[in-house]
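> Just to be clear, the model below is a prediction. Sequence and coordinates:
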Amino acid sequence: MTSARFPERLRALSPAVLKGLRRGIEKESLRVTAEGFLALTPHAPELGSALKHPHITTDFSESQLELITGVHPGVEPCLVELERIHRFVYSRIGDEVMWCASMPCGLPAEKDIPIGRYGSSNIGRAKSVYRMGLAYRYGRRMQAISGVHYNFSLPESAWPLPGYRDPTEAYFALIRNFRRNGWLLLYLFGASPAVCSSFVQGRPHRLLKLSEGTLYLPHATSLRMGRLGYLSAAQDSLAVSYNGLESYAASLQDALTKPYPKYESIGILNGAEYRQLSTSLLQIENEFYSTIRPKRRIKPGERQLHALRERGVEYVEVRAMDLDPFSGIGIAPETCRFLDVFLLHCLLSESPPDNREEIQAIGRNKQKVAARGREPGLKLERGARKAVLSEWGREVLRECEPIAQALDSAHGGAAHRAALSAAGAAIDDPKAPPSARMLAEMHERHKDCYTSFVLERSLEHRRALLSQPLPADVEARFARAAKESLARQRETEAADTVPFELWRQEYLRTEALQPRRAAA
């Protein structure tokens, strides 16, 4: 819902500000063999240190790459960098392939999915212990899911914006509106309507059999964002408020510091082996599975919550995006442009405070669209009434039109309006979203087999990326960064003097979450 302030705020964003919108991308992918099985090889040393490389690391699993761009004021430079990182990785991993879909390939036994390893330093050990905790809490298969995170901010020159005291207040208003309308992204860009049956082995589920080895839901958009994805009964008990930094931080601090009975039963140590970092509901801030997070760059050893309290919100991290299997790098330019329009709509529109009832309704809407988003006539909760998904979606897109127009005027051309138009076409035609296109191609070319479809697409992307060698200077720069990251890891390991247990206790102390004035 736009407000009387919407036109005023949009006018306040000059062409220079609109051309200076900042975005960065973090893209996860499983490494698989040429036959489509999870690669059990370690992270290649030729890629550098997963602990210290600024652009190439791993996520949960040693077999799960995470590729990170810098921050860019343009969509194309951001995607060019992401593509170059892909090409460098492919030049260093032999015959292995980056799995191009969010839901995993055929997985080995739970215990055989390797957890990320980051060396012998305290921070490196902590990263591995944190992942071991995730394995105990949620299972390794669930953690093998991959996605794209889109980091977004306005340039400093955008502030102040009418009606907001500071950027932190504005970003929390954006976050509240994103959560209200974020179901639209699942419909438009969700690309995980089916899974390999190995993913749910031994788990209760409501999926239907599509073919031998493939399960699905006929109208699903994003099983990754549904009940089989990044959700847990423990985190369902959290009702985190996004009405401001103070309420958000207080909610998270409770989850980070209070023991949670189920996780207490796991324990921290089993003999000399660490099982998790802590017994609280969240070990660290990153364990909170929200579709969007307020973020701040942190200093070495600093906790994210401390950084937010100390210096405010710097950007938002959008976590609702599936990998696009039709793109060689997991996300298309038109998707980025739509996200820019949508996020500005969330920022400029009226954003009333949230409450427990609305937070619960938002969760139900997300689950409904993830599992049934393309179902004809699907209705969602919108306050006290029910709204047809297609009608609500068209309303949001209409409200986005002046933003797309302003961005196109600033940049020249019509790319943002084209992205908005494509979204409108997908609202009108449930066969157009990538979730529907996936199922159609699986049926037409792969006998309804999920892993066959993804493997063929992944191999096509690999061939296309390897067909264009990197320029010599870019290749040399990546190779140098890999060597330098390995040297920095060795330096970090040599500098550690505190036993890990003391380091862990110091890192997790409640005072480390507080701003300096409160701690004093």
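Here it is on my side, so go on. Residues are numbered from 1 along each chain as shown.
> Please count neighbours and contacts with C-alpha atoms only from this point.
Will do.
> Spatially, what comes nearest to Asp59 if we skip its sequence neighbours?
Among residues not flanking Asp59 along the chain, Glu66 sits closest, at 5.8 Å (CA to CA, 6 or more residues apart in numbering).
> Look at that neighbour and say how many residues are nearby.
20 (other CA atoms under 10 Å).
> can you check Ala16 too?
13.
> Then Ile403?
Counted with other CA under 10 Å, Ile403 comes out at 23.
> could we number from 40 for the rest of this?
Got it, the first residue is 40 from now on, which makes the last one we talked about Ile442.
> Excluding chain neighbours, what is closest to it?
According to CA to CA, 6+ apart, the nearest residue to Ile442 is Val380 (6.1 Å).
> Residues in contact with the helix or strand containing that neighbour: which ones?
Using DSSP states H and E, Val380 maps to helix 372-387. Residues outside helix 372-387 that contact it (CA atoms under 8 Å, 6 or more residues apart in numbering): 41, 44-45, 48-49, 114-115, 118, 191, 209-210, 212-217, 228, 438-439, 442-443, 454-455, 457-459.
> from those, which ones fall inside helices?
Applying DSSP state H to those, the entries found in helices are 44-45, 48-49, 114-115, 118, 209-210, 212-217, 228, 438-439, 442-443, 454-455, 457-459.
> Buried ones among these?
45, 48-49, 114, 118, 209-210, 212-217, 228, 438-439, 442-443, 454-455, 457-459 (16 or more other CA atoms under 10 Å).
> distance of His258 from Ala464?
17 Å (CA to CA, to the nearest Å).
> about what we covered before: show the subsequent helix or strand relative to the helix holding Val380.
Assigned by DSSP H and E, the successor of helix 372-387 is helix 395-411.
> Which strands and helices lie in contact with that following helix?
helix 222-228, strand 418-421 (3 or more CA pairs under 8 Å, 6 or more residues apart in numbering; DSSP states H and E).
> Could you tell me the average pLDDT over the longest one, please?
The one in question is helix 222-228. Mean per-residue pLDDT for helix 222-228: 98.
> what does it contact?
Against helix 222-228 from outside (CA under 8 Å, 6+ apart): 260-261, 264, 359-361, 363, 374, 404-405, 408-409, 412-413, 432, 462, 465-466, 472-474.
> Now go through the residues you listed and say which are in helices.
Those of those lying in helices (DSSP H): 374, 404-405, 408-409, 432, 462, 465-466, 473-474.
> Going by distance to His450, which of the residues you listed wins?
Closest approach to His450 among the ones in helices among the contacts of helix 222-228 (CA to CA): Thr374, at 16.6 Å.
> Quick check: His82 touching Asp98?
No - taking contacts as CA atoms under 8 Å, His82 lies outside contact range of Asp98: 11.1 Å.
> circling back: please identify the deepest-packed of the helices and strands packed on helix 395-411.
Most buried of those by mean neighbour count (mean count of other CA atoms under 10 Å) is helix 222-228; its value is a mean of 26.
> between His258 and Ala464, who's got more neighbours?
Remark: of His258 and Ala464, His258 carries more neighbours, 19 against 16, as counted by other CA under 10 Å.
> quick one: low-confidence ranges for the stretch 340-489 of the chain?
By pLDDT under 70, the stretch 340-489 of the chain contains no weakly predicted segment.
> dump the residue contacts of the residue nearest to Leu494 when sequence neighbours are not counted.
Once flanking residues are discounted, Leu494 sits nearest to Gly75: 6.0 Å by CA to CA, 6+ apart. Going by CA under 8 Å, 6+ apart, Gly75 touches 144-145, 490, 494.
> ok, so what distance separates Gly75 from Ser497?
Distance of Gly75 to Ser497, given as CA to CA: 9 Å.
> Same question for Gln343.
From Gln343 to Ser497 the distance is 35 Å (CA to CA).
> In terms of neighbours, single out the busier of those two.
Ser497 (24 against 20).
> from memory the more buried one sits against Met137, does it?
Yes - contact criterion CA under 8 Å: Ser497 and Met137 qualify, at 6.5 Å.
> Out of the contacts of Gly75, give me the one that has the most neighbours.
Neighbour max across those (other CA under 10 Å) = Cys144, 27 neighbours.
> list the contacts for it?
Going by CA under 8 Å, 6+ apart, Cys144 touches 71, 75-77, 138, 235, 490.
> What pLDDT does the model give it?
For Cys144, pLDDT reads 96.
> How about the backbone phi and psi for the residue nearest to Leu494?
With angles defined as degrees, to the nearest 10, Gly75 sits at phi 90, psi 10.
> Quickly note the distance from it to Asp98.
Counting by CA to CA, the gap from Gly75 to Asp98 is 19 Å.
> Phi and psi next, for Ser68.
According to degrees, to the nearest 10, Ser68 has phi -150, psi 140.
> That one and Leu104 touch, don't they?
Yes - between Ser68 and Leu104 there is a contact at 5.2 Å, judged by CA under 8 Å.
> Between those two, tell me which one has more neighbours.
A direct count of neighbours by other CA under 10 Å for Ser68 and Leu104 places Ser68 higher, at 28 against 24.
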